[in-house]
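In: Show me the folded form of this:
(chains A, B, C and D)
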There are 2 protein chains.
Amino acid sequence: MSDRRAQILDAAATLIAERGFTSTSVDDVIKQARLSGKSHFYHYFKSKEELGYEVLNRQFERFAERGLAILREPMIDPLERLALFIDAVVALQVEHGARRGSPFGNLAAEMADAHEGFRVRIEAVFERWASQIRSLLWEARPQLHDDVDAVRLSRFIIAALEGAVLMTRVKRDISVLEGIAADLKRFVAMHTRDAAGIQAGFPMAGLGGRREA
Amino acid sequence: MSDRRAQILDAAATLIAERGFTSTSVDDVIKQARLSGKSHFYHYFKSKEELGYEVLNRQFERFAERGLAILREPMIDPLERLALFIDAVVALQVEHGARRGSPFGNLAAEMADAHEGFRVRIEAVFERWASQIRSLLWEARPQLHDDVDAVRLSRFIIAALEGAVLMTRVKRDISVLEGIAADLKRFVAMHTRDAAGIQAGFPMAGLGGRREA
DNA sequence: TGCCATTTGGACCATACAGTCCTATCTTGG
DNA sequence: CCAAGATAGGACTGTATGGTCCAAATGGCA
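Out: Numbers count the residues shown, from 1 in each chain, chains lettered A, B, ... in the order given. Coordinates of the predicted model:
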């Protein structure tokens, strides 16, 4: 990929993270990337939509390298890796002063109902993310209780993190995310064999719960 | 409040839920509400921004009546109420075929960084929501473990629900939300006294966790 | 040298948008 | 019945937007 292309993609990624896709104009991107004009931009991208798709791709690749990679570290215990990954999500938000939030969550909220092309691509992103967690959970299965549902647990983790990042952004307070991250770790720990006997006898105190795991 | 005003607010609420605030034009609202023209609209609202604020207010009032009210039902056990509330959130999404998502979460993702006026109002919404859950948790305190942090737990519940609703919208699959809702109930149950002995000895299996509750 | 991708610069278009202004009718309660 | 608010209809402004088209210059590489 040419330098220019990457430069445009980076500029667009920043702007979209800050303002959203709709509120980022092609002219804004041109300015941010210091291009000479529209023709220069359209030499590299056939439309704003295509730019959006590629930005999303790039964001996911970056996230796969910087975040998801932790989930695959071969020398670390899988559940430990999961904890480190959660810490990494927190660290990423700290980097931007609890602003911007998640590029995937933001785009999802903005485009999911309005633009099918984006919707399916964001769905794919979450699916690849979930799949990484599922693999890890599979690896950790000797430590996990038998009836752990990896599909559900992976979704829960992602949802909790996305929700936490959003609330953190609204409150502009990183400690919101930190608290939820800690609680999320406890929730995962709840699924480990050590606590198995406990779980088995869980009374669901007034929560009307049969266990549907 | 005049009928017309309410009618405009409802029309706008629908459109904003479907497309977001930025992508909803005043003309769209006028059309949806069957007004005669711009002057008619501006007779009731001084700007699009003001309309947005009032829509947010109205959405929260509706949510307070239809959802949050459950948290206050005096004749039902508090933790049972919490479970019913979570069910109500699921039911609300079912109603719209897993589309639209949360009006608060959507607006948050769209506006939090870009528009301080909206940010503080959304923050207030989440705060009022959290405060309702905190009250409930306070009521339930005889059933809860001593070191339950109501502030943190209430935030966790909201974050998990908001994240779940978002993922559900992206996947267009209500079962995502259903699974997370069930898991969330289990997480809450984890904080009850019945399971207290268990919790005390929680080993945090490989999750590097001291308990910071 | 000559080709091709890159870069520059700008004109141009159709559409959309928030918001203003003006005028002329209704409708209704005092 | 009359004033005041509600409704109707439209013209208009200034700005932004995604996208197209064209012409010319620059650069490296075969």
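In: Every contact and neighbour count from this point should use C-alpha atoms.
Out: OK.
In: Would you mind listing what in chain A touches DNA strand D?
Out: Chain A has residues A:22-28, A:38-39, A:42, A:46-49 near DNA strand D, with proximity defined as Cα under 7 Å from any atom of the strand.
In: swap the cut-off to 10 Å and go again
Out: A:21-30, A:37-43, A:45-52 (Cα under 10 Å from any atom of the strand).
In: pretty sure residue A:170 contacts residue B:121?
Out: No. Under the criterion of Cα atoms under 8 Å, residue A:170 is not in contact with residue B:121, lying 9.5 Å apart.
In: okay, these two: which has more neighbours?
Out: Relative neighbour count places residue A:170 above the other of residue A:170 and residue B:121, with 28 against 18, counting by other Cα atoms under 10 Å in any protein chain shown.
In: Can you say which helix or strand has the more buried one in it?
Out: Secondary structure from DSSP states H and E places residue A:170 in helix A:150-171.
In: And the next helix or strand past that helix?
Out: Per DSSP H and E, helix A:150-171 leads on to helix A:174-189 as the next helix or strand towards the C-terminus.
In: For that following helix, what does the pLDDT average out to?
Out: On average, the pLDDT along helix A:174-189 is 97.
In: just the angle between the helix holding residue A:170 and helix B:174-189, please?
Out: If you take axes from the mean of the first three to the mean of the last three Cα atoms, to 10 degrees, helix A:150-171 sits at 80 degrees to helix B:174-189.
In: in helix A:150-171, what counts as buried?
Out: Going by neighbour count (16 or more other Cα atoms under 10 Å in any protein chain shown), the buried part of helix A:150-171 is A:150, A:152-171.
In: ok, and of the residues you listed, which contact chain B?
Out: Restricting the buried residues of helix A:150-171 to those near chain B by Cα under 8 Å from any Cα of the partner chain leaves A:152, A:155-156, A:158-164, A:166-167, A:169-171.
In: returning to that earlier point: the helix holding residue A:170: how far from the chain's middle?
Out: Put simply, helix A:150-171 sits 8 Å off its chain's centre (Cα atoms, centre = their mean, to the nearest Å).
In: Also stretch A:51-68?
Out: Its chain's C-alpha centre lies 10 Å from the corresponding centre of stretch A:51-68 when counted by Cα atoms, centre = their mean.
In: pLDDT of it, averaged?
Out: When pLDDT is averaged along stretch A:51-68, the result is 98.
In: check contacts around residue A:137.
Out: Shown in contact with residue A:137 (Cα atoms under 8 Å, 6 or more residues apart in numbering or on different chains): A:78, A:79, A:150.
In: secondary structure element for it?
Out: Assignment of secondary structure by DSSP H and E places residue A:137 within helix A:116-139.
In: same question, residue A:106
Out: When the helices and strands are read off by DSSP H and E, the one containing residue A:106 is helix A:103-111.
In: so how far is residue A:62 from residue A:164?
Out: When Cα to Cα, to the nearest Å is applied, the distance between residue A:164 and residue A:62 equals 21 Å.
In: Let me fix that, I meant to ask about residue A:31.
Out: Counting by Cα to Cα, the gap from residue A:31 to residue A:62 is 23 Å.
In: what's the answer for residue A:2, then?
Out: Here the criterion is Cα to Cα. By it, residue A:2 lies 17 Å from residue A:62.
In: now residue A:30
Out: Here the distance between residue A:30 and residue A:62 works out to 22 Å (Cα to Cα).
In: Those two: which has the busier surroundings?
Out: Under the criterion of other Cα under 10 Å, the comparison of residue A:30 against residue A:62 puts residue A:30 first, with 19 against 13.
In: pLDDT at that one, what is it?
Out: Among the per-residue scores, residue A:30 shows a pLDDT of 98.
In: wait, doesn't it sit right on residue A:39?
Out: No. Using Cα under 8 Å as the test, residue A:30 is too far from residue A:39 to be in contact (10.0 Å).
In: follow-up on the earlier one: can you put the contacts of residue A:137 in JSON lines and add distance to residue B:89 and pLDDT?
Out: Converted to JSON lines, these look like this (distance: Cα to Cα, whole Å; pLDDT from 0 to 100):
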{"residue": "A:78", "distance to residue B:89": "33", "pLDDT": "96"}
{"residue": "A:79", "distance to residue B:89": "31", "pLDDT": "96"}
{"residue": "A:150", "distance to residue B:89": "24", "pLDDT": "98"}
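In: wait, which of these is closest to chain B?
Out: Proximity of the contacts of residue A:137 to chain B was ranked by Cα to the nearest Cα; the top entry is residue A:79 with 5.7 Å.
In: Quickly find the element holding the closest one.
Out: helix A:78-95.
In: now that helix against helix A:150-171, angle please.
Out: For helix A:78-95 against helix A:150-171, the angle by the same axes, to 10 degrees is 20 degrees.
In: can you list the residues that contact stretch A:64-77?
Out: A:78, A:81-82, A:84-85, A:88-89, A:129, A:132-133, A:136, A:140, B:206.
In: pLDDT below threshold where in chain A?
Out: Scanning chain A for pLDDT under 70 picks out the ranges A:1, A:194-213.
In: Domains of it: list them as residue ranges, please.
Out: For chain A, whose domains are defined here by automatic domain parsing, the residue ranges read A:1-48, A:67-195.
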